[in-house]
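Visitor: this is a predicted model, with the sequence first.
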Amino acid sequence: MSLSPMLSRVADRVYWLARYLERVENTARLINVTTDLMLDLPTTGHDGWSTLVDITGSSAQFDRADAPNQEQAVCRFLLSDRDNPGSLISSLSGARENARTIREIMPSETWELINAAHLYARDNLSGQLSRSARADHLRRLIGFGQQLSGLLENSLSRGDAYEFRRLGSNLERADMTTRIIDVRAASEVQTDSPASRQGYWRSILRSLSADSAYRRQMQATISRDSVLDFLLHDASYPRSLEYCVGQIGLALKQLPRNRRALAYCRELSKHFSRDVERLARDSALSQYLDRCQVYLGQLHELIALTYFSLDGHRRSRQQQ
């Protein structure tokens, strides 16, 4: 069984539609959570905003723009800068273009919702915004994302399109989870205050909408080891590393030509299962998370080579 060239192109677009939509919601949440964190930890405001650029992997573009690491500059770069391929507006543009070309296989409301979100972001995220206005607009866009996610989950037939959406969404989530932990944990090391350290780990949970689930599941106060254990190894939380990799494996099992990708996915699971106690040193945690990101990038490459057309694979390399 194999995908035809036409279906391969469609698969590429479904996959990237899912990644872009996940990226939009992640970016919106990160900025709102960072705003709250900086209010609680005002002395770290400068470094706190610059970490957002690191989390999204766009430091090189931001440095080339020669913009200061200040709140307004960072938010403008991550929200409305069309020259930044990782900005929220760029991600929405990518989602919109992919949705436009596969309208015939998506639920009918998909295009309308994505187009509405794109127009809303274009009209409301440019220029100087107050913190309250920015937070309101981002909450509205998070709502768009949740509505789209529910629509696709409940209305998309369980076929190849559904599985490629599951691949894209969970790869993007897993990558963002490792980035958030890595950069926020590095910031936590810079403070000697126990309250501030706890604040950083709380911000990690909130960045992933995991604070309520953490309290129910772990029934423990917020600490480095317990948060790491939850976000890396909890198989029931949809944004944990273990859950995302599990979903990627389940999606691959439903697709043809899956042998190499499934084997690689199993190797990923072995690496991700390391005990939190072995990550006690900050350098060990950083090295572990860096390897996670490399492995996830290599899994993306393998999926693109296996399932997408040659042009689609080239495009996937550029968009990653």
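Guide: Good, I have the coordinates. Since the model is a prediction, treat every value here as computed from it, not as a measurement.
Visitor: who does the strand or helix carrying Ala60 touch, helix- and strand-wise?
Guide: Per DSSP states H and E: Ala60 is located in helix 59-64. Packing partners of helix 59-64 (3 or more CB pairs under 8 Å, 6 or more residues apart in numbering; DSSP states H and E): helix 71-79. The C-beta positions use only the backbone N, C-alpha and C, and glycine is treated the same way.
Visitor: buried stuff in the helix it packs on?
Guide: Across helix 71-79, burial judged by 16 or more other CB atoms under 10 Å covers 71, 73-79.
Visitor: how about stretch 209-222?
Guide: Using 16+ other CB under 10 Å as the test for burial, stretch 209-222 gives 209-211, 213-214, 217, 222.
Visitor: among those, which are in helices?
Guide: 211, 213-214, 217 (DSSP state H).
Visitor: ok now stretch 296-312, how far from the chain's centre?
Guide: Relative to its chain's centre, stretch 296-312 lies at 18 Å (CA atoms, centre = their mean, to the nearest Å).
Visitor: Leu92 is in what secondary structure piece?
Guide: helix 88-101.
Visitor: quick one: mean pLDDT over the helix ranked longest in the chain.
Guide: Longest helix in the chain, counting residues (DSSP H): helix 5-40. The average pLDDT within helix 5-40 is 87.
Visitor: equivalent analysis for stretch 144-164, please.
Guide: Rounded mean pLDDT across stretch 144-164 is 92.
Visitor: what comes into contact with that stretch?
Guide: 3, 7, 10-11, 14-15, 18, 21, 24-25, 28, 102, 105-107, 109-110, 113-114, 116-117, 120, 165, 169, 251-252, 254-255, 307 (CB atoms under 8 Å, 6 or more residues apart in numbering).
Visitor: all helices for the stretch 101-250 of the chain, in order.
Guide: Here the stretch 101-250 of the chain has its helices, by DSSP state H, counting those that start in this stretch, at 109-124, 131-155, 160-189, 194-207, 211-218, 224-233, 241-253.
Visitor: quick one: distance of the fifth one to the chain centre.
Guide: How far helix 211-218 lies from its chain's middle: 20 Å, per CA atoms, centre = their mean.
Visitor: mean confidence score for it?
Guide: Per-residue pLDDT over helix 211-218 has a mean of 91.
Visitor: make 20 the starting number, not 1.
Guide: Right, with 20 as the first residue, what we last looked at is helix 230-237.
Visitor: low-confidence stretches in the stretch 170-319 of the chain?
Guide: Applying pLDDT under 70 to the stretch 170-319 of the chain flags residues 205-211, 213, 293-301.
Visitor: same thing but at 90, please
Guide: 176, 198-223, 225-228, 236-244, 248, 254, 276, 285-312 (pLDDT under 90).
Visitor: so which of the ones in helices among the buried residues of stretch 228-241 comes closest to Thr197?
Guide: Tyr233 (17.2 Å; CB to CB).
Visitor: contact partners for that closest one?
Guide: 224, 241, 245-246, 249.
Visitor: which one (most neighbours) among these?
Guide: Val246 (25 neighbours; other CB atoms under 10 Å).
Visitor: now it: closest residue in space that isn't a chain neighbour?
Guide: Trp220 (4.8 Å; CB to CB, 6 or more residues apart in numbering).
Visitor: from Leu247, how far off is the one you found?
Guide: 9 Å (CB to CB, to the nearest Å).
Visitor: for His319, same thing?
Guide: Distance check for His319 against Leu247: by CB to CB, it reads 24 Å.
Visitor: SS state for the residue lying closest to Ser106 once chain neighbours are set aside?
Guide: Closest residue to Ser106 apart from its sequence neighbours, by CB to CB, 6+ apart: Asp100 at 4.9 Å. Classification of Asp100 by DSSP: H, G, I helix; E, B strand; the rest coil places it in coil.
Visitor: and Asp100, what pLDDT?
Guide: 92.
Visitor: and Gln337, by the same measure?
Guide: Gln337 is given a pLDDT of 46.
Visitor: just His137 next, same as before
Guide: For His137, pLDDT reads 96.
Visitor: ok, now which ones touch it?
Guide: 108, 111-112, 114-115.
Visitor: Leu315 reaches Leu190, doesn't it?
Guide: Yes: here Leu315 reaches Leu190: they are 6.2 Å apart, a contact under CB atoms under 8 Å.
Visitor: I'd assumed Gln89 was in contact with Trp68.
Guide: Yes: shown here, Trp68 and Gln89 form a contact pair, counting by CB under 8 Å, at 6.5 Å.
Visitor: neighbour-wise, which of these two wins?
Guide: Trp68 (23 against 13).
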